[in-house]
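Visitor: what would the 3D arrangement of this be:
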Amino acid sequence: MEFLAEYGLFLLKSVTVVVSIIVVIAAIAAQAMKNKGGEHKGQLEVTPLNKKFDDYHKDMHDAMHDKQVLKEEKKAEKKKQKAKKSKKGKDDRKRLFVIDFEGDVKASAVESLREEVTAILTVAKKTDEVLVNVESAGGMVHTYGLAASQLQRIRDHGLHLTVAIDKVAASGGYLMACVADRILAAPFAIVGSIGVLAQIPNFHRLLKKHDVDYNIMTAGEYKAPITMFGEITDKGKDKLQKDLEDTHVLFKDFITDHRSQVPIDEVATGEIWYGKQAIEHKLIDEIQTSDTFLMQEKSKKAIFQVAFVEKKSFQEKLGFAAKHSVEGIFSALFKKEQDNMLSSKTGMQG
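Guide: Numbers count the residues shown, from 1 in each chain. This next block holds a predicted model:
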């Protein structure tokens, strides 16, 4: 037993040393990231989706026919391509640009979204269209407000904007979606949750039980109405509730401005609906997946997937790992709470 105790102490010391080294490295990496903050990082990736669809067709076709048939078709295709090149005509099809937005609590993807939208607008013509695949259960008001503003830039430029919801666009996700000219959703996609919430754990009674004093100094009557460690008062709760209700009004007004057909008083209850139910409440325009939409458009339009990808150095990855390890805990807790809310509202789990 004494040996096990000594071994356990040794292991604990070793872990402490390793953790200390990681913290130091992370701090150095974070400082390096700060020093490089002014540099333009990342690159734009543009993928022609028509070619991807053509490649799928070719792979399936080749697997289903014998070599002799494929040989004859290949000869005919070469003649066809040669004739097309001799015409030297340019592709005059309308263009469809595709963006994927996968949102977290902080709508972190808004940084890439603003780059993608800017890139599209540098080449876009009035005849072009944009499809944004939104997947998000919502999060912080100000960041999702910025994400919605990025989509508004597309419409302000005179382009037709379609938003597709394959899985979920609730709360802040729907705030983004409602900007579109047209909203598509899969039959069981989750839509709605037009409400506002605030969750603040409070440890005041625990501190008081152990005779720990907590002081917070503020200037301004309502600077911090409720904190994690301070005593919660009725006045503080009333102020926070009022702030939530004011934000809810802004949320409802925003939806009404962009989708006047929505019966806002009926749907702004914090409830969620599946796609087929959402169309009855005029929250969406059509039951359709993004895949179906793209398959319909591929013969009529030149389709391009646009993605802004950030490139990080090894030092930056270490810094981000340390930073996100803490943020991940809170994100996981928030996501769990959101999932619980959605599950309780749907009454079923798949």
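
Visitor: so where do the helices sit in the stretch 151-300 of the chain?
Guide: In the stretch 151-300 of the chain, helices defined by DSSP state H, counting those that start in this stretch lie at 172-177, 204-209, 234-258, 264-267, 275-280, 290-297, listed in chain order.

Visitor: winner for burial among the ones you listed?
Guide: helix 172-177 (a mean of 28; mean count of other Cβ atoms under 10 Å). The C-beta positions use only the backbone N, C-alpha and C, and glycine is treated the same way.

Visitor: could the helices of the stretch 151-300 of the chain go into a markdown table alongside mean pLDDT and distance to residue 94?
Guide: Listed next are the helices of the stretch 151-300 of the chain as a markdown table, based on pLDDT from 0 to 100; distance: least, Cβ to Cβ, whole Å:
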| stretch | mean pLDDT | distance to residue 94 |
| --- | --- | --- |
| helix 172-177 | 97 | 23 |
| helix 204-209 | 87 | 60 |
| helix 234-258 | 94 | 24 |
| helix 264-267 | 95 | 34 |
| helix 275-280 | 94 | 27 |
| helix 290-297 | 96 | 9 |
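
Visitor: for residue 93, find the nearest of these.
Guide: When the helices of the stretch 151-300 of the chain are ranked by proximity to residue 93, the top entry is helix 290-297, at 10.1 Å, counting by Cβ to Cβ.

Visitor: and that closest one, what does it pack onto?
Guide: Packing contacts for helix 290-297, counted by 3 or more Cβ pairs under 8 Å, 6 or more residues apart in numbering; DSSP states H and E, involve strand 129-135, strand 160-165.

Visitor: sorry, back to before: how about the helices of the stretch 151-300 of the chain, which one is nearest residue 153?
Guide: Per Cβ to Cβ, nearest to residue 153 of those: helix 172-177, 12.4 Å.

Visitor: just the CA trace of that closest one, in PDB.
Guide: Written as PDB, here are the backbone C-alpha positions of helix 172-177 (Å, rounded to 0.1, in the frame of the first residue of the first chain):
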ATOM      1  CA  GLY A 172     -30.200  32.900 -33.600                       C
ATOM      2  CA  GLY A 173     -30.100  30.400 -36.500                       C
ATOM      3  CA  TYR A 174     -33.600  31.500 -37.500                       C
ATOM      4  CA  LEU A 175     -32.700  35.100 -37.000                       C
ATOM      5  CA  MET A 176     -30.200  34.500 -39.800                       C
ATOM      6  CA  ALA A 177     -32.600  32.500 -41.900                       C
END
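
Visitor: other SSEs contacting it?
Guide: Using 3+ Cβ pairs under 8 Å, 6+ apart, helix 172-177 is in contact with strand 129-135, helix 141-156, strand 160-165, strand 190-192, helix 234-258.

Visitor: check which helices and strands the first one sits against.
Guide: Judged by 3+ Cβ pairs under 8 Å, 6+ apart, the packing partners of strand 129-135 are strand 94-102, strand 160-165, strand 168-170, helix 172-177, helix 290-297.

Visitor: and it, which strands flank it?
Guide: For strand 129-135, the paired strands and their directions (DSSP bridges) are strand 94-102 (parallel), strand 160-165 (parallel).

Visitor: averaged pLDDT, the shortest one. What do you get?
Guide: This predicted structure assigns strand 160-165 an average pLDDT of 98.

Visitor: distance check, the nearest residue to residue 136 once chain neighbours are set aside against residue 172.
Guide: Among residues not flanking residue 136 along the chain, residue 103 sits closest, at 2.9 Å (Cβ to Cβ, 6 or more residues apart in numbering). Distance, residue 103 to residue 172, by Cβ to Cβ, to the nearest Å: 7 Å.

Visitor: pull up the overlap in contacts between these two.
Guide: Where contact means Cβ atoms under 8 Å, 6 or more residues apart in numbering, the residues bridging residue 103 and residue 172 through contact with each are 136, 138, 139, 144, 147.

Visitor: contacting residues for the third one?
Guide: When contacts are counted by Cβ under 8 Å, 6+ apart, residue 139 touches 103, 104, 105, 106, 107, 171, 172, 334.

Visitor: follow-up on the earlier one: can you redo the helices and strands packed on helix 290-297 as CSV with distance to residue 242 and mean neighbour count?
Guide: Supplementary listing: the helices and strands packed on helix 290-297 in CSV, determined by distance: least, Cβ to Cβ, whole Å; neighbours: other Cβ atoms under 10 Å:
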stretch, distance to residue 242, mean neighbour count
strand 129-135, 30, 23
strand 160-165, 32, 24
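
Visitor: nearest approach to residue 214 belongs to which of these?
Guide: Ranking the helices and strands packed on helix 290-297 by their distance to residue 214 (criterion: Cβ to Cβ) puts strand 129-135 first, at 39.7 Å.

Visitor: next, the residue nearest the centre of the chain: phi, psi?
Guide: With distances taken as Cα atoms, centre = their mean, the chain has residue 103 as the residue nearest its mean C-alpha position (1.9 Å). The phi/psi pair for residue 103 (degrees, to the nearest 10) reads phi -90, psi 140.

Visitor: fine, thanks again, bye for now.
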